[in-house]
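**Q** Below is the structure, and that's it, no one-letter string:
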C-alpha cells in the first residue's frame, strides 16, 4: 500500500499582509515548525516525502526556499495551476494522505488511526473528522410557534446527541479519485469530503475523540504551541536547557541584562536585546528579534519577527514587525478580578486524604460484598427466576442501558417485571404519568406482570444489580442509575451525578417524601448532596436506612444522615 502525503498550506487571518513567514506550515512550533511536526507524525505511516499544496503564492522563490529549509525532503511546492500535473504521476492503486493544519487534534495528529479500520473495499475514502463541541458540552435550542410563544426547549449534549462536524483533520483518498476528477476542492478537506460524497464516492468518517485546534485562529495556535513549549522545556539534565529556557539550535544572542522567565524556547538566530523581558510560555522563532526594553509575554514570534524598542507583545502570534504595543482585545469584567486564596482550615488535608483513600477502596470492598451477597441470596434469586419464567414469555433478566460514571453506558440488570414489548408502549402512556421531571410512573401500569407487582414494592427486582457492583459498573450506594433521556434535563445535576458511580440505593431513595406530588426537585437535591458529602460514614448510614425503610417504602429525615453542620458547610 503506497501512501503519498500531501500537506495543505494557507495564510492564517492573524498574518494577513505578511511575507513568507505568514505560511501556516512555517510558523514555529516547539523546537521546529508546524511543517516539521507534521512530517514527524507522517513518518509513522509512510516513508514518502510530502508534497505541499499552497493556496498562497506557491510560485514565489522565497516561499519555496523557506519550505525546503524547514524540510529539505519536501519533493514539490505547488499551487493550484501545477497541482493537476503532479497528480498525474500517481498510480490508480496509490493512496493520498491529505493533511490540513487548520484542523489538528490538541494531542497531535495520529494518521495511523485511518489505517486501523480496514475497509471491506479498498475504494473507500477515509476522513478523520472533528466533532463540534461547546464550552459547556451542551447547548439548548428553543422552538417557537406562529405567535412567538415558546413551544419547547430541547437540550443537546455534544458527546451523545449533537451529530455535526467541525472540520476534517486528514483524509486518506484513493488516487483514482483525483485522477478521474479534476474539479475537487483541494484547498479545504471539509469541502473535499462534501465533494466526494456528492460525486458518489464511497467514504467513511472516523471521529476524533479529542479537542481540535484550528491553527488558523490565533488563540488556538497559542494554546497548541503552549503544550509543545512546556514539554520541550520540562526536560531535566539537558545541556541546552536552564531555568525553563531552551536554546534550540545555534547562534543565540541574549543580552546579559535581558530577563527570560520560562518556559521559553529560543530557536536558531533568536535575538533578545538589552533590557528586554520574555515571559513564558513563549516561543521566539528563528531569526526573530526582541528590541531593547521590549516585553514579550505568552506569545509566539514567527521566523524573522521584530518587536521594536519598548513595545509590548502579549498573548499574540506575531508575524512580521511591530514598533507599538499589541495585545488582543478583551473586555474587562469586574468578576474576573484576582481572588485571594483562603487559608486552609486545620485538618482539611487529612480529611481529603481519608476520603480519597475510601474512594479508592470502595470499589474493591463493595465488589467483594456483592459477590458474597449473590452467593448468600442465590436460593431466593433462583426462586424469583423460576416464578418469572413460569408466568410470562421472555428473559428472566432485563438489562436497560444506563449512564454510569463519566457517562459510560452500561446495562443495568434487573429481574424482568413487565411483559415483552413494554418499552414500546411507554411513549403512548406517558401522558398518564403522575410524577414530574423525566420519571415515568402510572397507577395500575398495564405492562407490569403479577410477579412484578410483588417484586417492585419490595425492591427485590433490583437484586441482580449486585452483578453490576461486582464488576465495578455500580456501587451499593450512589445516585440512581438513569438513562441518558432522564439525565439531560439539568446540566449541573447530570455532571454531578455522573462524577461518581451509580448505586443500588442512595440518599434520594431513603429520604424522598413527596412522591404523590412529584419530587424531581428532591431527586436533584439529594443526588447533589450525596456527591458533595460522599463518605464511608454516609454510605453506612444509607445502607442502614435502606433496611429501616424496607427498600425506600418509607423515608427517614435527612438530618439523620447529614448533620446541619455539614449541610451548611
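**A** Done, it's in. For clarity, every value in this text was computed on a predicted model and none was experimentally measured.
**Q** How is this protein partitioned into domains?
**A** 3-213, 218-322, 348-567 (automatic domain parsing).
**Q** Mean neighbour count, these: which tops it?
**A** Mean neighbour count (mean count of other C-beta atoms under 10 Å) peaks for domain 218-322 among the domains of the chain, with a mean of 19. Heads up, the C-betas are built off the backbone N, CA and C, glycines and all.
**Q** quick one: terminal-to-terminal distance for that domain?
**A** 17 Å (C-alpha to C-alpha, to the nearest Å).
**Q** Over to stretch 63-81?
**A** Stretch 63-81 has an end-to-end distance of 16 Å (C-alpha to C-alpha).
**Q** Against residue 474, how distant is the spatially closest residue to residue 304 that is not a sequence neighbour?
**A** Spatial nearest neighbour of residue 304, chain neighbours left out: residue 287 (4.8 Å); criterion: C-beta to C-beta, 6 or more residues apart in numbering. Noted for residue 287: a distance of 60 Å to residue 474, by C-beta to C-beta, to the nearest Å.
**Q** By mean pLDDT, flag the weakest helix or strand of the chain.
**A** When each helix and strand of the chain is scored by mean pLDDT, DSSP states H and E, strand 241-242 comes last, with a mean of 52.
**Q** surely residue 536 meets residue 358?
**A** Yes - counting by C-beta atoms under 8 Å, residue 536 does reach residue 358; the two are 4.9 Å apart.
**Q** if I pick the residue nearest to residue 304, what's in contact with it?
**A** 268-270, 303-304 (C-beta atoms under 8 Å, 6 or more residues apart in numbering).
**Q** just the strands in the stretch 451-569 of the chain please.
**A** Under the criterion DSSP state E, counting those that start in this stretch, strands of the stretch 451-569 of the chain are mapped to 475-477, 503-505.
**Q** Could I get those in a markdown table, plus columns for mean pLDDT and distance to residue 202?
**A** A markdown table is the format used below for the strands of the stretch 451-569 of the chain (pLDDT from 0 to 100; distance: least, C-beta to C-beta, whole Å):
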| stretch | mean pLDDT | distance to residue 202 |
| --- | --- | --- |
| strand 475-477 | 96 | 46 |
| strand 503-505 | 95 | 46 |
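**Q** Out of those, which is closest to residue 81?
**A** strand 475-477 (64.7 Å; C-beta to C-beta).
**Q** Name every strand pairing with that closest one and say which way it goes.
**A** Take DSSP bridges as the rule and strand 475-477 pairs in its sheet with strand 503-505 (parallel).
**Q** gap between the partner strand and the chain center?
**A** 29 Å (C-alpha atoms, centre = their mean, to the nearest Å).
**Q** Next, the contact list for the closest residue to residue 191 other than its chain neighbours, please.
**A** Nearest non-adjacent residue to residue 191, counting by C-beta to C-beta, 6+ apart: residue 185, 4.1 Å away. Counting by C-beta under 8 Å, 6+ apart, residue 185 makes contact with 191-192, 195.
**Q** Which of those residues lies at the shortest distance from residue 411?
**A** Of the contacts of residue 185, the one sitting nearest to residue 411 (C-beta to C-beta) turns out to be residue 192, at 39.8 Å.
**Q** so how far is residue 128 from that closest one?
**A** Counting by C-beta to C-beta, the separation of residue 192 from residue 128 is 13 Å.
**Q** And residue 488, by the same measure?
**A** Counting by C-beta to C-beta - residue 488 and residue 128 are separated by 28 Å.
**Q** do residue 137 as well
**A** 21 Å.
**Q** next one: residue 175
**A** Distance from residue 175 to residue 128, by C-beta to C-beta: 18 Å.
**Q** Low-confidence stretches in the stretch 451-569 of the chain?
**A** 515-518, 566, 568-569 (pLDDT under 70).
**Q** On the three-state scheme, the residue nearest to residue 396 when sequence neighbours are not counted is what?
**A** Counting by C-beta to C-beta, 6+ apart, residue 385 is the residue found nearest to residue 396 once chain neighbours are left out, at 4.5 Å. Under DSSP: H, G, I helix; E, B strand; the rest coil, residue 385 falls in the helix class.
**Q** ok, now residue 183?
**A** Residue 183 ends up coil, using three-state DSSP.
**Q** and if you look at residue 35?
**A** helix.
**Q** That one reaches residue 25, doesn't it?
**A** Yes - if you go by C-beta under 8 Å, residue 35 and residue 25 touch, sitting 4.1 Å apart.
**Q** what sits in contact with each of these two?
**A** 7, 67, 70.
**Q** How about the contacts made by residue 128?
**A** Neighbours of residue 128 in contact, by C-beta under 8 Å, 6+ apart: 110-111, 113-114, 168-171, 206, 208.
**Q** Residue 153 belongs to a strand?
**A** Yes - checked against three-state DSSP, residue 153 lies within a strand.
**Q** Could you check the pLDDT of it?
**A** With respect to pLDDT, residue 153 scores 77.
**Q** Quick check: it touching residue 141?
**A** Yes - assessed by C-beta under 8 Å, residue 153 is found in contact with residue 141 at 7.4 Å.
**Q** Outside of the longest strand that the chain contains itself, list whatever touches it.
**A** Longest strand in the chain by number of residues (criterion: DSSP state E): strand 165-174. In this structure, residues lying in contact with strand 165-174 by C-beta under 8 Å, 6+ apart are 3, 92, 94-100, 102-105, 109, 111, 114-115, 122-133, 189-190, 192-193, 196, 205, 208, 212, 214.
**Q** Show me the strands paired with it, marking each as parallel or antiparallel.
**A** By DSSP bridges, strand 165-174 pairs with strand 95-99 (antiparallel), strand 125-131 (antiparallel).
**Q** host element of the residue lying farthest from the centre of the chain?
**A** Of all residues in the chain, residue 390 has its C-alpha farthest from the mean position, at 47.8 Å, by C-alpha atoms, centre = their mean. According to DSSP states H and E, residue 390 maps onto helix 378-391.
**Q** One more: residue 278?
**A** Assigned by DSSP H and E, residue 278 falls in strand 277-279.
**Q** Show me what that strand is packed against.
**A** strand 259-261, strand 295-297 (3 or more C-beta pairs under 8 Å, 6 or more residues apart in numbering; DSSP states H and E).
**Q** would you say residue 25 is within a helix?
**A** Yes - assigned with three-state DSSP, residue 25 falls within a helix.
**Q** circling back: what separation is there between the residue nearest to residue 396 and residue 401?
**A** 22 Å.
**Q** Just the helices from the stretch 401-550 of the chain, written as ranges.
**A** 422-429, 450-458, 465-470, 484-487, 491-497, 507-511, 520-533, 536-548 (DSSP state H, counting those that start in this stretch).
**Q** Specify the stretch among those that is closest to residue 362.
**A** Nearest of those (C-beta to C-beta): helix 536-548, 7.7 Å.
**Q** That closest one vs helix 520-533, what angle?
**A** Going by axes from the mean of the first three to the mean of the last three C-alpha atoms, to 10 degrees, helix 536-548 is angled at 140 degrees with respect to helix 520-533.
**Q** List of residues touching helix 536-548?
**A** Here helix 536-548 has contacts from 358, 362, 476-477, 505-507, 509-511, 530, 552, 554, 556, 560-562, using C-beta under 8 Å, 6+ apart.
**Q** tell me how far that helix is from the chain's mean position?
**A** Relative to the centre of its chain, helix 536-548 is centred 36 Å away, using C-alpha atoms, centre = their mean.
**Q** again, but for stretch 45-57
**A** 29 Å.
**Q** quick check: mean pLDDT across it?
**A** On average, stretch 45-57 scores 85.
**Q** Contacts for it, please.
**A** By C-beta under 8 Å, 6+ apart, stretch 45-57 touches 2-11, 22-23, 25, 38-39, 42, 58, 63, 67, 71, 73-80, 83, 86, 97, 111-112, 114-115, 186-187.
**Q** rerun that using 7 Å as the cut-off
**A** With C-beta atoms under 7 Å, 6 or more residues apart in numbering as the test, stretch 45-57 has contacts from 3-11, 23, 25, 39, 42, 63, 67, 73-79, 83, 86, 97, 111-112, 115, 186-187.
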